[in-house]
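Enquirer: no sequence for this one, just the structure:
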């Protein structure tokens, strides 16, 4: 895919998981959810997961996805109600890797923050359920997840559905990891990485991002990203902290360069 040489505007109960997810290597095949390319971070040891509803870069040392990528179109919004059961472990992760569960975050003070929002997959029950896989989750403070992060999700939905013409959104979202959280080596007791979980073994605890970020590229619905005539890009970096529930999402609007600097990830298609 031809790279988009664009500049972002800074002002402008445990359930049975689906069986169709697959683990792929570091060079996944074509996917509508990798339109922005595979985000890369120097030295990070990550495996790319390719599911029917999303792609993700999973870090086994932090027991979380560093980024999740997807495409949302107007017809992804439908009549299905949000799934009301528990999040479920991703059984496509390799044998021997810790597979996080719904209970790992119970009582932690953090929400199970969707990266791919469940509302963006409401065409069918199965598609909505697929967003509840734990590899689509990052620990987010309630004031972030239910405040400006949610407001930005609503903005994305309204732009996709209510624009004339309608829009598709190519999206990648992920974590800003604290320096103490190693992305390329096993965790150690006392390493200073903020985490949560049910036990004390750091290899079975989930690292807590200090912020979460998102880049969205809007194109006309049905338009191939490589051929987009007038794409519109919005980026945000939002602190993972309490006290921001009433903040405006636009307070955290960021250029692509600012997102990449904060996260350490290079998003190749929006350079």
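Expert: On my side now, so go ahead. Note that the structure is a prediction, hence the values are computed from the model and not measured.
Enquirer: So what's the residue count around the closest residue in space to residue 148 that isn't next to it in sequence?
Expert: Nearest-residue entry for residue 148: residue 249, 4.2 Å, with adjacent residues in sequence omitted and distances by C-beta to C-beta, 6 or more residues apart in numbering. (C-beta placed from N, C-alpha, C; glycine too.) Residue 249 is flanked by 19 other residues according to other C-beta atoms under 10 Å.
Enquirer: Correct me if wrong: residue 249 contacts residue 214.
Expert: No: using C-beta atoms under 8 Å, residue 249 and residue 214 do not qualify as a contacting pair, with a distance of 9.9 Å.
Enquirer: shared neighbours of these two, which are they?
Expert: 152, 236 (C-beta atoms under 8 Å, 6 or more residues apart in numbering).
Enquirer: who touches residue 259 in this structure?
Expert: 8, 213-215, 235-237, 267.
Enquirer: Please read off the pLDDT at residue 30 from the model.
Expert: In this model, residue 30 is scored at 63, pLDDT.
Enquirer: The one 5 residues further on now?
Expert: Residue 35 is assigned a pLDDT of 91 by the prediction.
Enquirer: hang on, isn't it packed against residue 170?
Expert: Yes: judged on C-beta under 8 Å, residue 35 makes contact with residue 170 at a distance of 4.3 Å.
Enquirer: overlap in contacts of the two?
Expert: 71, 217, 225, 269.
Enquirer: what's the burial count for the third one?
Expert: To tie it back to what came earlier, the one meant is residue 225. Other residues close to residue 225 by other C-beta under 10 Å number 20.
Enquirer: which one is residue 204 nearest to, not counting chain neighbours?
Expert: residue 98 (4.7 Å).
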